[in-house]
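Q: Sequence and predicted structure are below.
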Amino acid sequence: PIYFQACKVASPIRSGVDLFGVAFVVPTFAIITGVSAEILGRYRPQNYIGWCLTIIGTGLLSLLDEDSSTARYVGFEVMVGAGIGIVWISVQFPILAPLPYSNNAHALAFFTFTRTFAQVRFAKFICTTLRA
């Protein structure tokens, strides 16, 4: 959102709308990754693809400036969103793989809790750092 507010002079609501490219693609690719891991019985290829898309997409986002077209930043957002969606799900499989089936629900709940808790702590750190 900062790019849209600083470079495109968008309002906070408009910058949220401009992030729709990421918001729509993340859950879509997360579902595709989960289904493909179940069908293929493998999760490593998806993990590699997801990290490659995330890294390349993030690098491409650094090329944006105030004159970048809508198609350009949406395309880069889609690439980053696809990578994040794939990685979001694909890292769960190696965590759950060595566990007995009866422990999967507890392990997944704990994993989700720690992931969410880490995001909250990181967001708080960023907010306090920016205020200083």
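A: Ah, there it is. Computed from a predicted structure; not experimentally measured.
Q: can you tell me which residues contact the spatially most central residue of the chain?
A: Closest to where the C-alpha atoms of the chain average out (C-alpha atoms, centre = their mean) is residue 84, at 2.9 Å. Residue 84 makes contacts with 22, 26, 29, 50, 54, as judged by C-beta atoms under 8 Å, 6 or more residues apart in numbering. Where C-beta positions appear, they are placed from N, C-alpha and C, glycine not excepted.
Q: now the helices for this protein?
A: Ranges of helices within the chain are 2-6, 12-18, 20-40, 44-61, 70-90, 92-96, 104-131, based on DSSP state H.
Q: Show the average pLDDT along the first one.
A: Translated: helix 2-6. Throughout helix 2-6, pLDDT has a mean value of 81.
Q: which parts of that helix are buried?
A: In terms of neighbour count (16 or more other C-beta atoms under 10 Å), helix 2-6 has its buried residues at 3-4.
Q: same for that helix, what does it pack against?
A: On a contact count with 3 or more C-beta pairs under 8 Å, 6 or more residues apart in numbering; DSSP states H and E, helix 2-6 meets helix 12-18.
Q: Could you export the helix it packs on as CSV, CA atoms only?
A: Output of helix 12-18 as CSV, limited to C-alpha atoms (Å, rounded to 0.1, in the frame of the first residue of the first chain):
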residue,chain,number,x,y,z
PRO,A,12,-5.7,4.3,1.7
ILE,A,13,-8.9,2.7,0.3
ARG,A,14,-7.7,2.9,-3.3
SER,A,15,-4.3,1.4,-2.3
GLY,A,16,-6.2,-1.5,-0.7
VAL,A,17,-8.1,-2.0,-3.9
ASP,A,18,-4.9,-1.9,-5.9
